[in-house]
Structures are given as C-alpha cells and as structure tokens.
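just the structure for this:
(chains A and B)
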There are 2 protein chains.
Amino acid sequence: MNMFLKALFILYFCIMKIEIINIGDELLIGQVVNTNASWMAEQFNLAGFEVVQITSISDTFSHIFESLDLAKNRADVIVMTGGLGPTNDDVTKEALCKYFDTTLVFNEEVYARVEALFKLRGFKMSEINRKQAELPANCIPLKNIHGTAAGMWFEQDNQIIVSIPGVPFEMKTLVSDEIIPLLLKKFNPGIIINKTVLTQGIGESALAEIIQHWEDSLPSHFKLAYLPQPGMVRLRLTTRGTDRSKLQNEFDVQMAALQKLIPELIFGYNDETIEQIVVKSLLEKQMTISAAESCTGGYVSHLITSISGSSGCFMGSVVAYNNRIKEKMLGVSAETLLKFGAVSKEVVIEMALGVQSSFKTDYAISVSGIAGPDGGTEEKPVGTIWIAIATPDKKIIANKYLFGEHRGRNIRKAALTALNMIRKEI
Amino acid sequence: MNMFLKALFILYFCIMKIEIINIGDELLIGQVVNTNASWMAEQFNLAGFEVVQITSISDTFSHIFESLDLAKNRADVIVMTGGLGPTNDDVTKEALCKYFDTTLVFNEEVYARVEALFKLRGFKMSEINRKQAELPANCIPLKNIHGTAAGMWFEQDNQIIVSIPGVPFEMKTLVSDEIIPLLLKKFNPGIIINKTVLTQGIGESALAEIIQHWEDSLPSHFKLAYLPQPGMVRLRLTTRGTDRSKLQNEFDVQMAALQKLIPELIFGYNDETIEQIVVKSLLEKQMTISAAESCTGGYVSHLITSISGSSGCFMGSVVAYNNRIKEKMLGVSAETLLKFGAVSKEVVIEMALGVQSSFKTDYAISVSGIAGPDGGTEEKPVGTIWIAIATPDKKIIANKYLFGEHRGRNIRKAALTALNMIRKEI
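Predicted coordinates for the structure are as follows:
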C-alpha cells in the first residue's frame, strides 16, 4: 500500500466513531452548560477517536431508546452520561434494562464500594443508596471511585454502549481511567501525536499573526487548534499517521520551529497550569512564597493552594481589601496610600516587601487594581492592575496592566499574570 | 372541557416543541464549550416553549440533512446555529438550498446592511463578503445587526426551520429580537411558572428522602428537578397552565409546603449565590467581615470578593497556611497548636477571634482542615474540616465537618458551608 492509500486508510476506515449522549432535563431547560460534552469530546479526540455527534436528551425512556437506535447507525461506541442518581427523575438504568430486555441484579462488589464511601464520609446508608448497587444483568460495571453510581459497559452486535454519571468529576475519572483505556485495548486508532502549548501574555489574533507563516507551512496531516481562555491561549498541534518514529521526528521539527517563534510567551505544555509550575519549581528549589492581594481578593492564594503539596512552599497571604488593612497588616505607609492611591506602583511595591518580610518568604507577589465594574476613573479606568513581585535577591519588579471591563475576567487575568511573572523569575 | 382534559390539552397539544441543532466541527473536537445551546434553551423555555433535543453535528451536507429529517419528527420548530461564515468550511447555507431544492438569490436589503456594517467598521468589502447577501429563494431573512450573516426563516409543511450564525452575540440578538417575538406571534405557549430553590448542608439523596412525600403528591402538571453541585443542591419546581392567577396560587401553595419542610436548608432562590446573599445582607446592615483561612487557602475570600460591591463590607483576610503565620498574624497560641493540632475546635476559635479583633470587623470566619489528598490520619482523615464564626455579640460557633477525598471539592464545600454558617447568623 503506498503512503497515500495508507493515509487514506487510516483516515477513513480505522477511526472509531463515538457518539456522546447527555441525558438530563436540566440541559434542555438551559439550567446547566454542557461542559461534560466538550471535555469528553476533547479526550476522545486526543485518544484518536472521532466524535460524530453530541446529543442532549430528556430523562425519558422513549427518548433514550430513540437516541440509542439512531446513534447505532452513526457510531461504533455510544457514551451516555446522566440519569444515574438515586432519585425518581433519574431513569437511565431502568431504561437500559428495558432496552436490553434484562433485569437489575444486585452487585456485591459495587455495594461494598458504595458502603465504604458512606463509611468514609460518616453518613448512614439509606435504602435508596442500596439500590445504587443494582445493575442490569448484562453490563460490566465500571469503577466509580468518587460516587455511588457505577459506570456500565454493554456490548451488543459489535457495538459498545457505555453509561456513566453526569457529575463532572465522577464522569472525568471514569472516562480517563476506565473507558479510554478499555477502548484503546479494543481498537487501534493509529498513531496520534499531539501537544498543547500554553501561552500567556498575548491575545488570540495577535498570536495568530506572529505564527501565521509557520501555521500556513504545516504539512496537511498536521492540525493546529487555537483554544483561548481568559488570561491564556492554548495551541494544540496534532498529527496522525502510521510510522511512529517518522511522525515523531516530523512533529519535533514543527514543535521546535514554533517554540523558536514565541519562546517568551510559552509557559508550559498540555495539562499543566501556571500555579502547578510555580509550586513545583518552588518545591524543587526549597523556596517559599507569600502574597499580598487587594483586587484579586484571595484568588492568587486560591490558585496556589489548589495544588496539592503547596503547603511546602506557600506560607500564606494577606488579603488587604481595605486600605487600613494594607497599613496595619502589610506596613504600607499611609503617606504612600494618600499620595499615589491604592492602585499604584509605590503601593504594590510596599505590599510585596511588607508580606515578604513579615511572612519571611523568599518570594512575594502583590496585586492592586480596579476589578470593576465600578471604581474606575479617567486616569485609572476599570481594568487597571498593578502587580509587583519581590525576589530573594531583593529585586522588585512592578508592572502595570490594562485588562477589560469584566470583574471576574480581570481577577483571573491579574492572578495568572502575577503567577507568570513569578514563574519567569524562579 | 373538564379540568383534566384541559390540562392534558395544554400538556400535549399546545406546547410548541423546539429542537436546537448546533453545527460546527469545533464542538465535536471539544474545542468550544457549547454555551450557545444552554443560553438558547433557557430563553426558549422561559418564553414557554419546550426544547426537546439539542444536537451538535459536523459541517457536512449529509449530517445536516439527516439531522433536519430526524428533528422534524420531534419538533415543530428547528433552530440551527453555525456554518454561515464566508469561508469554505461553512456549508449550512448551501446545504439548506439543496435541502429545500432551491437556489441562492441576491438580496438587496441584506447587502445594504452588510455594506453599512463594513463602512461602520472602516473595512473594505471583498467579493467573499458580497456572497453573504445571497440567500435561499424560499427564506425570509432575519436582521442580524451585529454581523454579515443574515438569519434565515423557512416554513414548510407546518414546520419552521430557522438558521442563524453561531457567533454568540449575533445569535443572542437574533434569538431575543427576531425569533422569539416571531414564534410568540405564531404560537401561544401558555403560562409557565418556575422557581429554583437553593439548598446547602445536605446531599441529594438525603434531601430527596425528606421531601419525598411532598414530591410524590405534586399535581401532574408540576415538575421537580434535582440539580446537585459541589456543596449545594438546587431544586427547580415548574408548572404550566392557562389560568395565571389559579396557577400562581397552586404554585405558591406547593412552594410554601416545600419551604415548611426544609426551612433551615434553603439559603436562596433562582440565580442567587451564598456569597451574594452574605454580601448583600452585610451591606444592608452596614456590618463588616473578615476571614482567617487555612485549608480553604483564600477561596472564602475569593468568593466574597467576586461579588461587586464587596469592598463595602469585606475588610480582608489572612490566609494562614503555615502554623507560624497562624501564630504571628492571627495570634493563635503555640500551646493551643501543639496541644490540639491545627485542625481543631480550639485553633479555629482562636483564628476567628484573632482576625475579628485585628481587622476590627463585626463578623469573622475561620476554616482549618485537611483538604487532601495527603495529610490525613486515622483520627483526622482527609476531609476533616473545622469551621468557626465569630459574631458581633461575641458569640462563637464552631462546627466539625467530614467531607470527601477530593481536594478541590473539599475546599469548595468548606467555603460554601462557612458562608452559609455566617448567612444564618446575619
């Protein structure tokens, strides 16, 4: 088979097709944004499968049956979420029983897991929870380590139907640890190489202009996706083929070319976060950090402490929302506050030095700004943020930023920018 | 017609069914979260229509044809988004032409609007943009004031098919200003009343047991949905009918019965958040608050400061991740820390009193616990959290909680629980 046919073969015949069905009236009344669907679609695509359709349907037998019948015409694998809770409005398990013309059977192993979960949390198990251990007789249970509803794996007529809970973190662990490994064991999706490049400090269109020439010259079996988020843009480069070492070489060449174009904008790769990188670097160097936050209101501290192990480097912070607290807890002088205002270079520098010295840490971050929607002036409009960082060698860096008008985004952008400033120094 | 038949008539014959079809490969690779779908679903539901299915499909003729054919069996109205851009990967307009067996016709009015838009933005119009004014001969154009792609309204066999752009702010204006008014002119969706009850402090299944009798006795034209989130469960009660005052009375009776069953669990309604309610109550009473956070690491402060206007009541906080900081910044005694450990009733009480006195606030919150995944012991397993609140009248309430094993959820649950404790006191 020549290369062209081989590529065609891979592209059209080997890629297993997955359909995602999200069950729940809350999706159809618009009360919940379907973040499950996009997360699952991303994971399945990364693993080399093609998602052919995503369907949100109601918690009714007839709609579940109809969707399954139709999805079977389009996909090899159907992954359903939702409707597995213990309450009356959840009907997926019963619907699947009827669909496969089988009955519920009590599963000892699942029961033991649910019981252990309740014990751990100090709750008493009720009759309703006991029912969570009853599963359709023809399913293989999938281990849900975070919740009481087991995943269910069915095989019929060369097709696979999987049903898992819709609670996001239960769903995520089931997809990553159970479903994708099982699918990869069953199907060979070909060789896929991908990497997500994380950038901070530039918008999507400005970034696109810088890398346009590189992007246009990518071979046709490469794909680039822009994934903008508040405060960062992720770039995902993907390629697919049959010869791993050849493909890896090609990929490395393209990745190196990209890295050379935007070295100062890249802060990490794949699923890393800035806060993870900062915590990891500090732990490696056995250095400590503290923060003095005004407009970010604790969000910098929250990002750092969301990382397990951060207690090894993060001593703490002062959220000084009020100017009196900036004086009393951080030692910012009343004169500086009066002369330059709370949102100024002088104040963030005093805040950073204040927390660094009283918390006795190697590094310190400080942020003061106008998050909005009110409080802006002509001179200092909403979105004006000052950030300072203090380093162990007594260096102080203070930068001014002008973000947008949206309070939540300003807080997030300020915190990520502050962490990225620290990352560059460590 | 007796009441029962009338209700049946309303339930089965009068409610117009809408299906949403979102077209775009970016949805199927998980590049974009489908926020359009939930926003549209909410708007259509609030206007009295029922959304029967939401489907994300690829930019291909065959998939568009298949989805339209299937949707016609389920819905009276099909609203499609996406695939209307001027580039080659957008095929919706051509697909609709073929579907209705018609041709593209140049529309003067649409052209004038596109031209004016370009003039306004100071851009030159290209040939590709001129094509945006070509529409299928059988459609009624819908005015898109924000972009170059007109909406398209088709009627066939008593069904309505609408196609609009997927750019969120273009889509939103078209739905609110064009589609919903046109639909309301054509159909009378009846009266709908709904309210979402927000509860904290109990899990979904325990809640279901408490209200089971009430739920089971709801009249058939009422619907109850459980919407669990980390740290809270939302309950949405909906009813529909023809006589507004009668319906409102019935609804009030049912709502009052629910409120009577779980008065201490309800913290708010509809889109409110605990942090909003806390900030609002404090501002109303002109009272202030501060926080001393250990395991929540700044998340309590972040939730409070995410509310615009919180600077009027929130003075600040100390994130005392390290015990040394608990001593130095909050005045927790070394002896207490040694004797009882950082995760103890005694320490959270000293933390709350410490921050209340040094920040001079009316209320204070403190949290100390083991967020995990490491750091648990047999006596104090991961998920053990102590929370204390101090009130203006020198009252101290300290509670111990045992949450789960997931770090992020423990942090969120602890913060929400702490805010709810404060809410009850204010």
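
which stretches of chain A aren't confidently modelled?
A:1-14 (pLDDT under 70).

please parse it into its domains.
Listed by automatic domain parsing, the domain ranges of chain A are A:13-186, A:191-269, A:274-425.

would CSV of the ones you listed with mean neighbour count be doable?
All C-beta spots, glycine's among them, are computed from the backbone N, C-alpha and C. Below are the domains of chain A laid out as CSV (neighbours: other CB atoms under 10 Å in any protein chain shown):
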stretch, mean neighbour count
domain A:13-186, 19
domain A:191-269, 15
domain A:274-425, 21
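
so A:E50 makes contact with A:E19?
No - applying CB atoms under 8 Å, one finds A:E50 not in contact with A:E19, separated by 10.0 Å.

thinking again about what came up before, and of the domains of chain A, who's closest to B:M171?
B:M171 lies closest, by CB to CB, to one member of those: domain A:13-186, at 13.5 Å.

just how off-centre is that closest one within its chain?
Taking CA atoms, centre = their mean, to the nearest Å, one finds the center of domain A:13-186 at 21 Å from the center of the full chain.

make JSON lines from the domains of chain A and add distance to B:D89 to it.
Converted to JSON lines, the domains of chain A look like this (distance: least, CB to CB, whole Å):
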{"stretch": "domain A:13-186", "distance to B:D89": "17"}
{"stretch": "domain A:191-269", "distance to B:D89": "13"}
{"stretch": "domain A:274-425", "distance to B:D89": "29"}
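
with distance to chain B added, can I get those in a markdown table?
Below are the domains of chain A laid out as a markdown table (distance: least, CB to the nearest CB, whole Å):
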| stretch | distance to chain B |
| --- | --- |
| domain A:13-186 | 3 |
| domain A:191-269 | 5 |
| domain A:274-425 | 3 |
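
of all those domains, which lies closest to B:N107?
domain A:191-269 (30.0 Å).

who are the contact partners of A:S306?
A:E275, B:G297, B:R407, B:G408, B:I411 (CB atoms under 8 Å, 6 or more residues apart in numbering or on different chains).

meant to ask about A:V197, not that
Counting by CB under 8 Å, 6+ apart, A:V197 has contacts A:R234, A:L235, A:R236, A:L237, A:M255, A:L258, A:Q259, A:I266, A:Y269.

pretty sure the fourth one contacts A:F222?
Yes - under the criterion of CB under 8 Å, A:L237 lies in contact with A:F222, with a separation of 6.6 Å.

which residues do those two both contact?
In contact with both A:L237 and A:F222: A:Q254, using CB under 8 Å, 6+ apart.

do I have it right that A:G24 meets A:L84?
No - counting by CB under 8 Å, A:G24 stays clear of A:L84, with 10.3 Å between them.

identify the contacts common to those two.
With CB under 8 Å, 6+ apart, A:G24 and A:L84 have common neighbours A:G166.

if we can go back for a sec, A:L218: which of the contacts of A:S306 is nearest?
Nearest to A:L218 among the contacts of A:S306, with distances taken as CB to CB, is A:E275, at 31.2 Å.

helix, strand, or coil at the residue sitting furthest away from the middle of chain A?
With distances taken as CA atoms, centre = their mean, the residue sitting farthest from the centre of chain A turns out to be A:E335, at 43.3 Å. Here A:E335 is recorded as helix under DSSP: H, G, I helix; E, B strand; the rest coil.

part of a helix, is A:S176?
Yes - judged by three-state DSSP, A:S176 forms part of a helix.

that one reaches A:Q43, doesn't it?
Yes - between A:S176 and A:Q43 there is a contact under CB under 8 Å: 6.8 Å.

wait, A:A41 touches B:I29, no?
Yes - look at A:A41 against B:I29 with CB under 8 Å: they come within range, at 6.1 Å.

anything in contact with each of these two?
Shared contacts of A:A41 and B:I29, counting by CB under 8 Å, 6+ apart, come down to A:V51.

quick one: residues contacting the closest residue to A:G383 other than its chain neighbours.
Distance criterion CB to CB, 6 or more residues apart in numbering or on different chains; nearest residue to A:G383, sequence neighbours excluded, is A:F403 at 4.2 Å. Listed by CB under 8 Å, 6+ apart, the contact partners of A:F403 are A:G383, A:I385, A:R409, A:N410, A:K413, A:A414.

element containing the fifth one, please.
Element membership of A:K413 [criterion: DSSP states H and E] is helix A:407-425.

helices or strands up against that helix?
helix A:274-285, helix A:299-305, strand A:363-369, strand A:384-390, strand A:396-402 (3 or more CB pairs under 8 Å, 6 or more residues apart in numbering or on different chains; DSSP states H and E).

report the angle between it and strand A:396-402.
Angle of helix A:407-425 versus strand A:396-402, following axes from the mean of the first three to the mean of the last three CA atoms, to 10 degrees, is 150 degrees.

mind checking the SS state of the spatially most central residue of chain A?
Computing the C-alpha centroid of chain A and ranking residues by CA atoms, centre = their mean puts A:D271 first, at 7.3 Å. The three-state label given to A:D271 by three-state DSSP is coil.

name the nearest residue to it, ignoring sequence neighbours.
Nearest one to A:D271, counting by CB to CB, 6+ apart, is A:T196 at 7.7 Å.

got the contact list for the one you found?
Counting by CB under 8 Å, 6+ apart, A:T196 has contacts A:L227, A:R234, A:L235, A:R236, A:L237, A:Y269, A:N270, A:D271.

my read: the second one touches A:K195, true?
No - A:R234 is not in contact with A:K195 according to CB under 8 Å; the separation is 10.5 Å.

am I right that A:T239 is in a strand?
Yes - checked against three-state DSSP, A:T239 lies within a strand.

angles on the backbone of the closest residue to it other than its chain neighbours, please.
Nearest in space to A:T239, with sequence neighbours left out and distances taken as CB to CB, 6+ apart, is A:F222 at 4.8 Å. Dihedral pair for A:F222: phi -110, psi 150, per degrees, to the nearest 10.

how is A:I307 assigned, secondary-structure-wise?
Per three-state DSSP, A:I307 ends up coil.

ok, it touching A:I277?
No - using CB under 8 Å, A:I307 is not in contact with A:I277; the gap is 9.6 Å.

where do the helices sit along the stretch 51-200 of chain A?
A:61-74, A:92-99, A:108-121, A:127-130, A:168-173, A:180-186 (DSSP state H, counting those that start in this stretch).

again with the stretch 201-350 of chain A
Going by DSSP H, counting those that start in this stretch, the stretch 201-350 of chain A shows helices at A:204-216, A:244-261, A:274-285, A:299-305, A:323-330, A:334-340, A:345-358.

and of those, who's closest to B:F106?
Of all the helices of the stretch 201-350 of chain A, it is helix A:204-216 that lies closest to B:F106, at 30.9 Å by CB to CB.

tell me the angle that closest one makes with helix A:244-261.
Using the same axes, to 10 degrees: helix A:204-216 against helix A:244-261 is 140 degrees.

I'd say A:D90 and A:L84 touch.
Yes - proximity of A:D90 to A:L84 meets the contact threshold set by CB under 8 Å, at 6.0 Å.

A:L117 reaches A:N144, doesn't it?
No - using CB under 8 Å, A:L117 is not in contact with A:N144; the gap is 9.2 Å.

nearest spatial neighbour of A:I64, skipping sequence neighbours?
Per CB to CB, 6+ apart, closest to A:I64 is A:A95, 4.3 Å.

give me every residue that touches that neighbour.
A:F61, A:I64, A:F65, A:G83.

same thing but at 10 Å, please
Neighbouring residues of A:A95 by CB atoms under 10 Å, 6 or more residues apart in numbering or on different chains: A:23, A:59-65, A:68, A:80, A:83, A:136, A:163.
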